[in-house]
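1. Quick one, what's the 3D model for this:
(one chain, ligands or ions: 3)
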Amino acid sequence: MAKATDSGQNIAIHLEDLTLIVPASEQYLQVAIPVPMRQSFTYLLPATLAGNPIQIGERVIVPFGPRQLIGIVLSVSDTLTNSDIDAAKLKAIIGRVSDNYRLNDKLLTLLKQAASYYHHPIGDVIQQSLPVLLRKIEQPNLAPELVYHCQQELPPEALTKLEKKAPKQAQLYQLLSQHPKLSWPELRTLAYSKAQLNALIDKDIVAQAPRELKPYQYCADDINCDNKHTLSAEQAVIVAGLKQRLNQFSCHLVEGVTGSGKTEVYLQTIEAVLANDKQVLILVPEIGLTPQTLSRFEQRFSVPIYLHHSALNDTERLTTWLAAHNDQAAIVLGTRSAVFSPLNKLGLIIIDEEHDGSFKQQDSFRYHARDIAILRAKQLNIPIVLGSATPSLESLQNGLSGKYIHHQLLSRAGVSQQAKLALLNVAEQQMDNGLSGSLIAAMKQTLAKNEQVLVFLNRRGYAPALSCNECHWRADCLRCNKPYTLHFGAQQLICHHCGDQQYLPRQCPSCGSIRLSGLGLGTEQLELKLAELFPEHSVVRIDRDSTKRKGELAKRLQAINDKEHHILLGTQMLAKGHHFPNVTLVAILEVDSALFSFDFRAPEHMAQLLIQVAGRSGRASKPGQVLIQSQYPEHPLLQDLVNNGYQHFARYALTERQQAQLPPHSFQALIRADANYPSYPEKFLTDVANQFRQQTAIQAVDCWLAGPMPAAMEKKAGKYRYHLLVQAKSRKLRHRAITELLAIAPSSESHNKVRWSVDIDPLELTW
Ligand code: ADP
Ligand code: ZN
Ligand code: ZN
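-> Numbering: from 1, shown residues only. Ligands and ions are numbered 1, 2, ... in the order given. Purely as a prediction, here's the structure:
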């Protein structure tokens, strides 16, 4: 059964006659299989399948219990090296996937290193690095990808008419006339709709054609210099430093305030890398949220850019993977898992907003894409750039200690000025629906000047709790022991921890009263209040609820830039990367919970979010201001951040971490366990900790255990959660300790009663 597509991308599979009883050959394969076991498995290579020499990284079909799975060959040998294995009982592989898409040796080595560092099963690590369609036995029949181009030049009158009648279609026409051969995933990411595209196709203005699949070759015309800036002295030093080191490993931390021209630094460095006939990998926190990111790369480079992010379907993801593998891609722009893109000629990695939490995967294989990217750059001997206005303390420490090359961009590029931050003491003021009098006055002033206000409240829904005014009953999710969030529009109670949904009760289930009301303020409620307070101004809300519908976010962002709205209200979705030139006032309603969190990273994350939100203000020629409401304006952390900026705040926070021996001055791992009863995870982790303390030769001053203790959110979705924290003086000692702990774990009697996992360099300690 061989399938081939006319695109030249042959995906074929040979399931050699399965019914034959195959004679054992002399070859043994180590195969990584996607099962939650920390080992690879040995299989025989039957002579019938040994026609072509088998290669490391190849995909094979193996029997596993009653199932058949796709595995990856890790090694091939002529002898059975492991004497525990009974050769007579070994099973043979069933088939080989003969499409030539194998993991190259370097990528495979990287994945093995990652599996070892994160103590995660190699089979799962490899599988997570592959597109879903390459993990299936049933092979995809890939049609060639379509790209779009203009097939006629519109006369000026026709264009003016189109601009009036259908402005988005006119924009799309102009985009495609400048950049022929854009694919649907690119157009969609740039916030165009299928309807707009089809309308142009129906009018015979735009046509589609299969993408030509040939390896990318650099040509000087591919760089569009129209909107290239002359670099500032600060920028020029960074670009020159990078260009000098294109053929060696070096890690560059670019600490540059928002709007300081980091992206321009990336663009001009990328140019040099492409000219060297190398490929570039750019990782960003989110793509769907910020069409501008892709747009800036498209404007500068007429090269094949492939996207990799969660809004792509499986076929689109495979297309990107194959384009990287077959050298057709010049640039891969993607989110976290794009770090595993099989680019063969990689010459530069860029991690934009390197501090962003989304680079860490928070389930199963809990890797940090930034850290894996650094490993990859080292392995390939190429430079890597970490950019952020608010670097993580981990990266900053490495910058300050000289491990990374540390660059600073201290002022905004072009004409715009850094916005001024100020604290508003809400303890002393009359509050109106969460807004202080002085904030309302400042908003009025800004709106009167016809400028926009951004209000940031990181809590979606109508109110974070529902309670009875008479008996004080509160609607709690019994699976999490936390209040439900009231969603008034949807008439629902939703648990933001486990997703459980309930109808809004009409009466208190405890006393029968109908006087139920929301406690606290969420964005849904604030939207209504703002509309009441500022009746002559239009309010737009941007959060996950208001932008659920496809295309809704793009529509709202466009309306903001068209100045249809004056007040922008939203959660952290509004904080990331957007460029709103007319916003001159940013109001931050709540920061206090981070000041008293027991997670030692809470202030760092609060400061990063706050500075990123603040960075939305005054990005164009008009100066911006940022007002932060707090009950504790005297708090030293807030004072430091507001008066001295993130740079100072972060350096001070690092000295505190050093005194407390916390990361990055020590190295942590978290063992999490959960079960339906609290005694199970507690017993399991106690057994493991006790046994470890008894038998380990590692000195307690070098590596110590904290716990077991219940997670800050002890119960979630009906499961009780416990933690055991491992903290060590070095990565090496931590590795040794975790290896010992993993060997001990199965000996606990409670081992099978709990679900447990290891998180290396955990970022979230509260759950
Ligand atoms: P960042 O990535 O640090 O937020 P950007 O690269 O987006 O900053 O730059 C912010 C703005 O300044 C952009 O509009 C960009 O075009 C402009 N810009 C960048 N570098 C320069 C420069 N050297 N001269 C003038 N304008 C610049
Ligand atoms: Zn009641
Ligand atoms: Zn819940």
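
2. Pull the number of nearby residues for the spatially closest residue to Glu353 that is not a sequence neighbour.
-> Nearest non-adjacent residue to Glu353, counting by C-beta to C-beta, 6 or more residues apart in numbering: Pro285, 5.1 Å away. Where you see a C-beta, it was placed from the backbone N, CA and C, and this is true even at glycine. Residues near Pro285, counting by other C-beta atoms under 10 Å, number 21.

3. would Pro285 count as being in a helix?
-> No. Going by DSSP: H, G, I helix; E, B strand; the rest coil, the assignment for Pro285 is coil, not a helix.

4. That one: what's it in contact with?
-> Thr335, Asp352, Glu353, Asp356, Ser358, Phe359, Lys576, Gly577 (C-beta atoms under 8 Å, 6 or more residues apart in numbering).

5. Tell me which of the residues you listed fall in helices.
-> The helices, defined by DSSP state H, take in nothing from the contacts of Pro285.

6. residue ranges with poor pLDDT in the stretch 201-350 of the chain?
-> 288-290 (pLDDT under 70).

7. Try it again at 90.
-> The model of the stretch 201-350 of the chain has pLDDT under 90 over residues 210-214, 219-222, 224-228, 257-260, 286-296, 299, 309-313.

8. Which parts of it are strands?
-> 206-210, 250-256, 279-283, 305-308, 331-334, 346-352 (DSSP state E, counting those that start in this stretch).

9. picking up where we left off before, quick one: the contacts of Pro285 as TSV, columns for distance to Asp226 and neighbour count too.
-> Shown next, in TSV, are the contacts of Pro285 (distance: C-beta to C-beta, whole Å; neighbours: other C-beta atoms under 10 Å):
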residue	distance to Asp226	neighbour count
Thr335	29	22
Asp352	23	20
Glu353	26	22
Asp356	30	24
Ser358	32	16
Phe359	32	24
Lys576	27	20
Gly577	23	20
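
10. Now render those residues as TSV, adding distance to ligand 3.
-> As requested, those are arranged in TSV below (distance: C-beta to the ion, whole Å):
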residue	distance to ligand 3
Thr335	27
Asp352	34
Glu353	30
Asp356	26
Ser358	23
Phe359	27
Lys576	26
Gly577	31
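
11. now, which of those residues sits nearest Tyr118?
-> Closest approach to Tyr118 among the contacts of Pro285 (C-beta to C-beta): Phe359, at 13.9 Å.

12. just checking, that closest one touches Arg336?
-> Yes. The criterion here is C-beta atoms under 8 Å, and Phe359 meets it with Arg336 at 5.6 Å.

13. Now the common contact residues for the two.
-> Counting by C-beta under 8 Å, 6+ apart, the contacts common to Phe359 and Arg336 are Leu283, Ala369.

14. Would you agree Cys468 is in contact with Pro505?
-> No. Taking C-beta under 8 Å as the definition, Cys468 is not a contact partner of Pro505, at 9.5 Å.

15. Please identify which helix or strand holds Tyr722.
-> Secondary structure from DSSP states H and E places Tyr722 in strand 719-728.

16. just checking, what packs against the next helix or strand after that strand?
-> Remark: after strand 719-728, the chain's next helix or strand is helix 731-744, criterion DSSP H and E. Counting contacts by 3 or more C-beta pairs under 8 Å, 6 or more residues apart in numbering; DSSP states H and E, helix 731-744 packs against strand 667-675, helix 679-695, strand 703-716, strand 719-728, strand 755-760.

17. Which among the ones you listed is found nearest to Gln608?
-> Judged by C-beta to C-beta, the one of the helices and strands packed on helix 731-744 that comes nearest to Gln608 is strand 667-675, at 19.3 Å.

18. hmm, the helix ranked longest in the chain touching ligand 1?
-> Of all the segments of type helix in the chain, defined by DSSP H, the longest one is helix 636-659. No. Residues of helix 636-659 contacting ligand 1 under C-beta under 6 Å from any ligand atom: none, with a closest distance of 13.5 Å.

19. what about Pro664, distance to Asn398?
-> 8 Å (C-beta to C-beta, to the nearest Å).

20. More neighbours: those two, which one.
-> Asn398 (20 against 17).

21. Pretty sure the more buried one sits in a strand.
-> No. Counting by three-state DSSP, Asn398 falls outside a strand, being helix.

22. Does it touch Ser392 like I think?
-> No. Judged on C-beta under 8 Å, Asn398 makes no contact with Ser392 at a distance of 9.7 Å.

23. thinking again about what came up before, now do the shared contacts for Cys468 and Pro505.
-> By C-beta under 8 Å, 6+ apart, Cys468 and Pro505 have these common neighbours: Leu516.

24. Of these two, which one has the most company?
-> Cys468 (21 against 14).

25. Name all residues that make contact with the more buried one.
-> Each residue near Cys468 by C-beta under 8 Å, 6+ apart is listed here: Arg474, Cys508, Ser510, Cys511, Ser513, Arg515, Leu516.

26. Neighbour-wise, give me the winner out of the residues you listed.
-> Neighbour counts for those peak at Cys508, which has 21 neighbours (criterion: other C-beta under 10 Å).

27. and that residue, what is it in contact with?
-> Counting by C-beta under 8 Å, 6+ apart, Cys508 touches Cys468, Glu470, Cys471, Trp473, Ile514, Arg515, Leu516.

28. So which of these are in helices?
-> Per DSSP H, those never map to helices.

29. Using JSON lines, lay out the residues you listed together with pLDDT.
-> Listed next are the contacts of Cys508 as JSON lines, based on pLDDT from 0 to 100:
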{"residue": "Cys468", "pLDDT": "96"}
{"residue": "Glu470", "pLDDT": "95"}
{"residue": "Cys471", "pLDDT": "96"}
{"residue": "Trp473", "pLDDT": "96"}
{"residue": "Ile514", "pLDDT": "95"}
{"residue": "Arg515", "pLDDT": "95"}
{"residue": "Leu516", "pLDDT": "95"}
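
30. Now, the residues you listed that are in strands?
-> Per DSSP state E, strands hold the following members of the contacts of Cys508: Cys468, Leu516.

31. Might you calculate how far stretch 651-668 sits from the centre of the chain?
-> Distance of stretch 651-668 from the chain centroid (C-alpha atoms, centre = their mean, to the nearest Å) equals 25 Å.

32. same thing with stretch 487-500?
-> Relative to its parent chain, stretch 487-500 has a centroid offset of 25 Å by C-alpha atoms, centre = their mean.

33. List the contacts of stretch 676-690.
-> Stretch 676-690 is contacted from outside by 671, 673-675, 705, 707-708, 710, 714, 718-724, 741, 744-745, 747-751, 753-754, 756, using C-beta under 8 Å, 6+ apart.

34. dump the residue contacts of the residue of the stretch 251-400 of the chain found nearest ligand 2.
-> Taking C-beta to the ion, ligand 2 has its nearest neighbour within the stretch 251-400 of the chain at Gln362, 37.3 Å off. The neighbourhood of Gln362, defined by C-beta under 8 Å, 6+ apart, consists of Leu763, Glu764.

35. For Ser679, grab the count of nearby residues.
-> Quick note: Ser679 (other C-beta under 10 Å) scores 12 neighbours.

36. For the closest residue to ligand 1 within the stretch 51-200 of the chain, list the residues it contacts.
-> Using C-beta to the nearest ligand atom, the closest approach of the stretch 51-200 of the chain to ligand 1 is made by Leu190 at 16.9 Å. Leu190 sits next to Leu175, Leu182, Pro291, Leu294, Ser295, Glu298 when contact means C-beta under 8 Å, 6+ apart.

37. So for it, what's the nearest residue that isn't a sequence neighbour?
-> Using C-beta to C-beta, 6+ apart, the closest residue to Leu190 is Pro291 (4.9 Å).

38. Assess the claim that that neighbour and Thr189 are in contact.
-> Yes. At 6.2 Å, Pro291 and Thr189 qualify as touching, with contact defined as C-beta under 8 Å.
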